[in-house]
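A.B. asks: sequence and predicted model, in that order:
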Amino acid sequence: MSPYFLVALGAAAGGLARYVIGTAIMQRSGGRFPLGTLVINVTGCFLIGVLMTMRERGTLDSKWQPLLVVGVLGGYTTFSSFGWETFRSVREGNPLMGLAYVLLSVGLGYIAVWLGALLVRR
């Protein structure tokens, strides 16, 4: 199967998952803080930690990388939304919320990648 088709298929699935999960979280949280995007980014980081570590260890065949990593995770993670939401927070006079969002996203994202890799290494 064409890697281009696999990327497109994965991106559609990842984008749909992003929309469903992010929307559900925001409806439940009801706050102004972009918790849905934060959860998507952190879980995406965890999943890339799992998948790429499995790929490095040879437990995930490289043929799955276009579908799962480039496609699904590319469609699922939302760093462009992250950039906009941070900008909007600062522009609307909430620089501390913007800073908290950046620090939490980057810090928790790194921890999630580390935990994903650790899970696979066990």
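C.D. replies: Cool, got the structure.
A.B. asks: Pro34 - how many residues pack around it?
C.D. replies: 25 (other C-beta atoms under 10 Å). C-beta here means a position set from N, CA and C on the backbone, and glycine is covered the same way.
A.B. asks: nope, Gly75 is what I was after
C.D. replies: 22.
A.B. asks: one more: the one 4 residues further on?
C.D. replies: For Phe79, the neighbour count with other C-beta under 10 Å is 13.
A.B. asks: what's the neighbour count on Thr86?
C.D. replies: Neighbour number of Thr86 under other C-beta under 10 Å is 20.
A.B. asks: how close does the residue of the chain most remote from its centre get to Arg32?
C.D. replies: Most distant from the centre of the chain: Gly93, at 26.5 Å, with distances by C-alpha atoms, centre = their mean. From Gly93 across to Arg32, the span is 12 Å (C-beta to C-beta, to the nearest Å).
A.B. asks: likewise Val42?
C.D. replies: As judged by C-beta to C-beta, Val42 and Arg32 stand 19 Å apart.
A.B. asks: tell me which of the two has more neighbours.
C.D. replies: Using other C-beta under 10 Å as the criterion, Val42 and Arg32 rank with Val42 on top: 21 against 13.
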